[in-house]
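*Asks:* A predicted structure for the sequence below; I have some questions about it.
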Amino acid sequence: MQSLAFQRCFNHAAREAVARCPECKQYFCRECITEHDDRVLCAACLAKLARKPPIQRRAFLQLWRLAQCALGLLIAWYFFFLIGESLLKLPDSFHEGTLWHVNWVDGK
Ligand SMILES: [Zn+2]
Ligand SMILES: [Zn+2]
């Protein structure tokens, strides 16, 4: 494998290469390479990536956000439903302040 120092840019033969694109395995100069999602890509590969996945990803993200909203509402509803249920189940003696006189072992 040749050292990066001796490589020339794929687009500019006169320029020294600074990085290698992981997608097309070509060397590129500072001007031709860009950072995208913590990855260093050449302009051509970036354009290729930008053309397809983002639309899919955006649709998925919207769907995911919608699902999260629905799930959040469901959890909130269930939470308050359980609170209501447990409040209804409280014996009258709780409100009368006589709850602590009840013999819990015998049930009454
Ligand atoms: Zn590339
Ligand atoms: Zn270049």
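*Replies:* Noted; the coordinates are in hand. Ligands and ions are numbered 1, 2, ... in the order given.
*Asks:* domains of this structure?
*Replies:* In terms of domains, the chain is parsed into 4-51, 54-90 (source: automatic domain parsing).
*Asks:* These: which one's closest to ligand 1?
*Replies:* In terms of Cβ to the ion, the element of the domains of the chain nearest to ligand 1 is domain 4-51, at 3.1 Å. (C-beta placed from N, C-alpha, C; glycine too.)
*Asks:* anything in that closest one near ligand 1?
*Replies:* Yes: residues of domain 4-51 are located near ligand 1 by Cβ under 5 Å from the ion, namely 21, 23-24, 42, 45.
*Asks:* From the residues you listed, keep the buried residues only.
*Replies:* The neighbour-count test (16 or more other Cβ atoms under 10 Å) marks 21, 42, 45 as buried among the residues of domain 4-51 next to ligand 1.
*Asks:* Which residues are in contact with the first one?
*Replies:* For residue 21, the contacting residues are 27-28, 33, 40-42, 45, taking Cβ atoms under 8 Å, 6 or more residues apart in numbering as the criterion.
*Asks:* Kindly reformat those as JSON lines containing secondary structure and pLDDT.
*Replies:* Formatted as JSON lines, those follow (DSSP: H, G, I helix; E, B strand; the rest coil; pLDDT from 0 to 100):
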{"residue": "27", "secondary structure": "strand", "pLDDT": "93"}
{"residue": "28", "secondary structure": "strand", "pLDDT": "93"}
{"residue": "33", "secondary structure": "strand", "pLDDT": "92"}
{"residue": "40", "secondary structure": "strand", "pLDDT": "89"}
{"residue": "41", "secondary structure": "strand", "pLDDT": "91"}
{"residue": "42", "secondary structure": "strand", "pLDDT": "93"}
{"residue": "45", "secondary structure": "helix", "pLDDT": "90"}
